[in-house]
Every structure is written in C-alpha cells, then in structure tokens.
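Trainee: quick one: sequence and predicted model below, then my questions.
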Amino acid sequence: MSIDSRPRRSLMRDKANGKIAGVCAGLAEYFNIEVWLVRIIAVTALIFSSSFVFVIYVAMWFILDEKKPDPVSHSQHTVGVKTKVWQAGEPPQRAFHDIAREFQDMEQSLQKMERYVTSNAYKLDRELDRL
C-alpha cells in the first residue's frame, strides 16, 4: 500500500469505548494500539508528573471532537476484528510475511524515487526551480 492511498485518520474522542471522556480510547484508535495500554500509560504518567498530564487530558477533552457513533453498532452487537498480527495471535511466519511485504512496498517506493532523482527530468526540474 502506498502512502498516498492510505485512508486519512483523524484524532477524535471515542466516548463509546471510553471510561471518562473517551480521550484514551481515541488515542488508542488513532495509534492503532489497545485501549488498556494507553490507559496504563496515562495513569502512570499522571502519577509521576503531578498535574501536567491531568491538564493535557482535560485540554484534549475540550479540544478534540467526539467521534460519531456507528449506526450499525447500535442495532446489533459487532465484534471488532484485530488487524495487526500481534493482536490476533497469528503465528510468527505470518508476521514475518507481513513485514516482508511492507519492506517490499517500501523498496519499490524507494526505487521509484531513485529513478526520478537520477533522471534527466529531475535535473531539469532543479534547473527550472533555480531560475
């Protein structure tokens, strides 16, 4: 998957999956990690940083927009599908295959950039930009 074809994500509060205001749930969804891990990090940071993390949490509570609830989830119970290999408990061979595919995509992208940078079109574009 190229960088341009990825869906655009936005940071929003997820009150449906949140405990207080949905800030940790929104952060977890944005960074694609488990909610409990974000909550542990937030509580640990709150303990060791006095009131700074609390101020940041409250600020995010007011600044971030609330995620609109999915209409399908209200009518019927849906099961969330784990997308990452480590979340789904897949065997290491599958993880290796997925990582190899990602590196292959990056290699193709790098080759495409290298072809452009070493081409005459790049040299011409640089000269035109200097004018």
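Mentor: Good, I have the coordinates. Residues are numbered from 1 along each chain as shown.
Trainee: from here on, contacts and neighbour counts on C-alpha atoms
Mentor: OK.
Trainee: quick one: the residue nearest to E66 when sequence neighbours are not counted from L64, how far?
Mentor: Using CA to CA, 6 or more residues apart in numbering and skipping residues adjacent in sequence, the residue nearest E66 is R13, 4.7 Å away. Relative to L64, R13 is positioned 6 Å away (CA to CA, to the nearest Å).
Trainee: those two: which is more packed in?
Mentor: More crowded of R13 and L64, by other CA atoms under 10 Å: R13, with 27 against 16.
Trainee: got the contact list for that one?
Mentor: Going by CA atoms under 8 Å, 6 or more residues apart in numbering, R13 touches 21-27, 61, 64-67.
Trainee: one more time with 7 Å
Mentor: By CA atoms under 7 Å, 6 or more residues apart in numbering, R13 lies in contact with 22-23, 25-26, 64-67.
Trainee: among those, which ones are buried?
Mentor: Buried subset of those (neighbour count, 16 or more other CA atoms under 10 Å): 22-23, 25-26, 64, 66.
Trainee: pipe those into a markdown table and attach pLDDT and distance to E114 per row.
Mentor: Shown next, in a markdown table, are the buried ones among the contacts of R13 (pLDDT from 0 to 100; distance: CA to CA, whole Å):
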| residue | pLDDT | distance to E114 |
| --- | --- | --- |
| G22 | 84 | 44 |
| V23 | 85 | 41 |
| A25 | 85 | 40 |
| G26 | 84 | 38 |
| L64 | 80 | 40 |
| E66 | 81 | 42 |
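Trainee: now, the most widely separated pair of the residues you listed?
Mentor: Using CA to CA, the buried ones among the contacts of R13 span at most 12.1 Å, a distance reached by A25 and L64.
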